Structures are given as C-alpha cells and as structure tokens.
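K.L.:
My questions concern the predicted model and sequence given below.
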Amino acid sequence: MSDAKTSVKVEGPRTRDLRETVAAARRKTDMKGAVQAAFAFAKDMFPQAKDLRLEEVEANSGGWSVVISFATGEPGTLSQVMGGGAPRLFKTIAIDSESGQAQSLKVWKQ
C-alpha cells in the first residue's frame, strides 16, 4: 500500500466556466492580430502589391473586417505630372476571431 497522498482539485461549475471564458478570450484574435493576418494574406494573394496601407478595421460578428489598399504598378505619365502615384486597389479581408485566418476577400466599396 502506498503512503503517498493524492490531492484532488475540486472546482465548481462557476470556476470552470470562468476558466474556459478566459482561455477562449486569450485564443481570440485581437485587432492588431487581425491586421497582421490581413497584411500577410494580402502579400500572399498579391505578390506584386507595393505600399500596403491599412485603411479601416471593424469588429463584426465572428471576427474582423480589415480594409487595406495597395499599388500594383507604376504611376502613369499623367499621374507623375500631376504628383500622384500608382492607382491603388482597395480590398476588404474578413478575419475569423477564433482562428485568426482570412475567411473572405472582397473589393472594398465605399
């Protein structure tokens, strides 16, 4: 027979629920993580993209909606004369708050 004492940790349902809630909150992607995920996704999908910029971030049900813009080419002659840059494309990327993964890519409409 063993003399070693075994300790049993007893917790109530309220403590267990609180622990699960805290763990879930830690797993969820925050705003900064959503922006980083959107930039990584955009760089992967558009390797020719230059000068990526964050335009908007909005929390929605189940995640984040991140709007980014980027240039894909060189400015035209008229743009250079007028002091403008290359035309910019605007994209909305939906990021899941649980996994931090991109869920959709859409053309941003103002």
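P.N.:
Yes, it's here.
K.L.:
for stretch 94-110, what is the average pLDDT?
P.N.:
Taken as a whole, stretch 94-110 carries a mean pLDDT of 90.
K.L.:
Just the buried positions in that stretch, please.
P.N.:
94-97, 100, 102 (16 or more other CB atoms under 10 Å). (C-beta placed from N, C-alpha, C; glycine too.)
K.L.:
Report the backbone C-alpha coordinates of it in CSV.
P.N.:
C-alpha atoms of stretch 94-110 as CSV (Å, rounded to 0.1, in the frame of the first residue of the first chain):
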residue,chain,number,x,y,z
ALA,A,94,-12.6,39.2,-43.2
ILE,A,95,-10.5,37.6,-40.4
ASP,A,96,-12.0,35.0,-38.1
SER,A,97,-11.5,36.0,-34.5
GLU,A,98,-11.2,32.3,-33.3
SER,A,99,-8.6,31.1,-35.8
GLY,A,100,-7.1,34.3,-37.0
GLN,A,101,-7.4,33.1,-40.6
ALA,A,102,-8.7,35.0,-43.6
GLN,A,103,-12.3,34.0,-44.4
SER,A,104,-13.0,36.2,-47.4
LEU,A,105,-11.6,38.8,-49.8
LYS,A,106,-13.8,41.4,-51.4
VAL,A,107,-13.5,44.6,-53.4
TRP,A,108,-14.0,47.4,-50.9
LYS,A,109,-16.9,49.6,-51.7
GLN,A,110,-17.2,53.0,-50.0
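K.L.:
residue ranges with poor pLDDT in this structure?
P.N.:
For the chain, applying pLDDT under 70 flags the ranges 1-12, 14, 16-27, 74-85, 110.
K.L.:
Strands of that one, residue ranges please.
P.N.:
50-60, 63-71, 88-96, 102-107 (DSSP state E).
K.L.:
so which of those strands gets nearest Asp30?
P.N.:
strand 63-71 (8.9 Å; CB to CB).
K.L.:
Contacts made by that closest one with the rest, please.
P.N.:
29, 31, 34-35, 37-39, 42, 46, 49-59, 85-98, 103, 108 (CB atoms under 8 Å, 6 or more residues apart in numbering).
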